[in-house]
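# Requesting a structural model of the entry that follows:
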Amino acid sequence: MSKYDASFKLSVVNYYSETGNGYRKAGKHFGIDRSQVRDWVVFYERHGEKGLCDWVVFYERHGEKGLCNRKLRPRHSLEVKRKLVKTVLSGQSIRSVAYANDISCSCLHRWLKEYHEYGLDGLKSKLVVCTDG
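Below you'll find the model as predicted:
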């Protein structure tokens, strides 16, 4: 479960949009990091209010199985992972590549680490299973 509910996230996005104060000031106003404000604004701009609801994103990606275990991760092909890692290595920022491809920055960080440590073998899919409970 997310640390913040959708109504709080929407309040932050609305404050940011209505005041024009920027991510840093909006974050300070709500006691959160500016990067969190930026993420929520991007999700809101991309998906509307439902972009602020964690369960909606998981359901859209994984169907009912996406609701049974938050550890279920979308599977990306080796080719997709390789392409995105190479894009970052060519100079684009992790954040811009992640947002453009609708994946988390932490996921892309993990792929980069695995690529640096193990090469292409590090990017091969690992089995992730959804279980009840």
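
# which residue sits closest to the residue positioned nearest the centre of the chain, ignoring its sequence neighbours?
Central residue of the chain (C-alpha atoms, centre = their mean): Ser104, 2.9 Å from the mean position. If the residues on either side of it in the chain are set aside, Ser104 comes closest to Ala98, at 6.2 Å by C-beta to C-beta, 6 or more residues apart in numbering. Where you see a C-beta, it was placed from the backbone N, CA and C, and this is true even at glycine.

# Which parts of whichever strand or helix holds that neighbour count as buried, going by neighbours?
Remark: Ala98 resides in helix 94-100, with elements defined by DSSP states H and E. By neighbour count, and taking 16 or more other C-beta atoms under 10 Å as the criterion, the buried residues in helix 94-100 are 94, 97-99.

# got it, and stretch 27-41?
Neighbour-count burial for stretch 27-41 [16+ other C-beta under 10 Å]: 27, 30, 32, 36-41.

# May I have that stretch exported as CSV, CA atoms only?
Listed in CSV are the C-alpha atoms of stretch 27-41, where the atom choice follows Å, rounded to 0.1, in the frame of the first residue of the first chain:
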residue,chain,number,x,y,z
GLY,A,27,7.0,19.6,-1.5
LYS,A,28,8.0,21.8,1.4
HIS,A,29,4.4,22.9,1.9
PHE,A,30,3.3,19.3,2.3
GLY,A,31,6.5,18.0,4.0
ILE,A,32,7.5,15.7,1.1
ASP,A,33,10.4,15.6,-1.4
ARG,A,34,10.1,17.6,-4.6
SER,A,35,10.8,14.5,-6.7
GLN,A,36,7.6,12.9,-5.2
VAL,A,37,5.6,16.0,-6.3
ARG,A,38,7.1,15.8,-9.8
ASP,A,39,6.2,12.1,-10.1
TRP,A,40,2.6,12.7,-9.0
VAL,A,41,2.3,15.6,-11.4
